[in-house]
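Q: curious how this folds, go ahead:
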Amino acid sequence: MIRLLLLAGTGEARQIAQALRHEPRVAGVASLAGQTRMPVSLGLPTRIGGFGGRAAFVEYLQREKIDAVLDATHPFAEKISHRTAAVCSALKVPYLYFLRPPWLPGDGDNWTFLNAEAEAAKHIAAGSVVFLATGPQNLDKFANLEDCRIYCRRIDPPREAFPLPGGDWIVGRPPFSVEEEMELFHELRVDWLVVKNSGGWASRSKLDAARDLGLRVAMIRRPPQPEGPKVSTVSDALAWVRSLQ
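A: Numbers count the residues shown, from 1 in each chain. Predicted coordinates:
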């Protein structure tokens, strides 16, 4: 029996978790960072919360007798992924990084690529209405948009006030259809959509909506990814798991 740790948090991780339930020689356990209060069930035993640093992660892998690690976290969870790859290499634990392909602009898209959040202010004019589809973490990196009207979407109802002046939370749980996104952006009179290039089908609808409405998109490039074996499809990830048996 293979003890597999699945680092989850993406739609593809959910698909992998569901498939692992039907692998008779795999005992899978999933891990979520805990950023969502009531996450959707993955169908596997799931631990929630961080590991507490590198030493604690090493201790967890050894205590739980983890045989392999499949990292299917968000492409922008770079600290977790780099640490996981390094620890698994040091411990000689088989490791695979699932990285879905990035989004690419197509006909009708009006994208500006950014290397960091703070660069958005170089392109977005004062007085613009900006929809941050980047999540509630690290909003301080957009503090230089103080002359803009800012909206940021989050899954859970907020327990705190919006951290930037002139901003408001939008609460909603994905997925959202293109029509729903168009209606929201039209209602808010959005000028700019700011997005991390996470890739994937689940949240592509906001980009399609922006294209159909003629909105400008500020696309934040991905951070450097960890060294090690990578796959970009769920089927390839599952094939790797089966190769361990």
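Q: the lengthiest helix in the chain: which residues count as buried?
A: Identified as the longest helix of the chain according to DSSP state H is helix 78-91. Under the neighbour-count criterion of 16 or more other C-beta atoms under 10 Å, helix 78-91 has 80, 81, 82, 83, 84, 85, 86, 87, 88 buried. Every C-beta, even on glycine, is put in place using the N, C-alpha and C of the backbone.
Q: which other helices and strands contact that helix?
A: Where contact means 3 or more C-beta pairs under 8 Å, 6 or more residues apart in numbering; DSSP states H and E, helix 78-91 is packed against helix 54-63, strand 68-71, strand 95-98.
Q: want to throw the ones you listed into a markdown table with mean neighbour count, mean pLDDT and distance to residue 44?
A: Supplementary listing: the helices and strands packed on helix 78-91 in a markdown table, determined by neighbours: other C-beta atoms under 10 Å; pLDDT from 0 to 100; distance: least, C-beta to C-beta, whole Å:
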| stretch | mean neighbour count | mean pLDDT | distance to residue 44 |
| --- | --- | --- | --- |
| helix 54-63 | 14 | 97 | 16 |
| strand 68-71 | 24 | 98 | 12 |
| strand 95-98 | 23 | 98 | 15 |
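Q: with distance to residue 136 as added columns, please give the ones you listed in CSV.
A: Formatted as CSV, the helices and strands packed on helix 78-91 follow (distance: least, C-beta to C-beta, whole Å):
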stretch, distance to residue 136
helix 54-63, 25
strand 68-71, 23
strand 95-98, 24
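Q: where does the chain have low pLDDT?
A: Scanning the chain for pLDDT under 70 picks out 36-38.
Q: what segments of it are helices?
A: With helices called from DSSP H, the chain shows them at 11-20, 54-63, 78-91, 178-188, 205-213, 234-243.
Q: which residue is nearest the middle of this protein?
A: residue 74 (3.3 Å; C-alpha atoms, centre = their mean).
Q: need the residues that contact the longest helix of the chain.
A: For helix 78-91, contacts defined as C-beta atoms under 8 Å, 6 or more residues apart in numbering pick out 7, 33, 54, 57-58, 61-62, 69, 71, 73, 93-95, 97, 223-228.
Q: what's the closest of the buried residues of helix 78-91 to residue 24?
A: Comparing the buried residues of helix 78-91 against residue 24 with C-beta to C-beta places residue 88 closest, at 24.4 Å.
Q: how close does that closest one sit to residue 225?
A: 15 Å (C-beta to C-beta, to the nearest Å).
Q: now the helices of the chain in CSV, with distance to residue 111?
A: Converted to CSV, these look like this (distance: least, C-beta to C-beta, whole Å):
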stretch, distance to residue 111
helix 11-20, 22
helix 54-63, 36
helix 78-91, 22
helix 178-188, 16
helix 205-213, 9
helix 234-243, 27
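Q: buried ones in stretch 136-149?
A: Neighbour-count burial for stretch 136-149 [16+ other C-beta under 10 Å]: 136, 139, 142, 145, 148, 149.
Q: per-domain residue ranges of this protein.
A: Following automatic domain parsing, the chain resolves into domains at 2-100+224-243, 111-220.
Q: with respect to residue 129, which of the helices of the chain lies nearest?
A: helix 178-188 (6.3 Å).
Q: other SSEs contacting the closest one?
A: strand 129-133, helix 205-213.
Q: re the thing from before, residues contacting the residue nearest to the centre of the chain?
A: Neighbour list for residue 74: 9, 10, 198 [criterion: C-beta under 8 Å, 6+ apart].
Q: wait, doesn't the second one sit right on residue 72?
A: Translated: residue 10. Yes - under the criterion of C-beta atoms under 8 Å, residue 10 is in contact with residue 72, at a separation of 5.6 Å.
Q: what's the burial count for the residue nearest to residue 153 when sequence neighbours are not counted?
A: Excluding the flanking residues, the one nearest residue 153 by C-beta to C-beta, 6 or more residues apart in numbering is residue 170, at 4.4 Å. Residues lying near residue 170 (other C-beta atoms under 10 Å) number 13.
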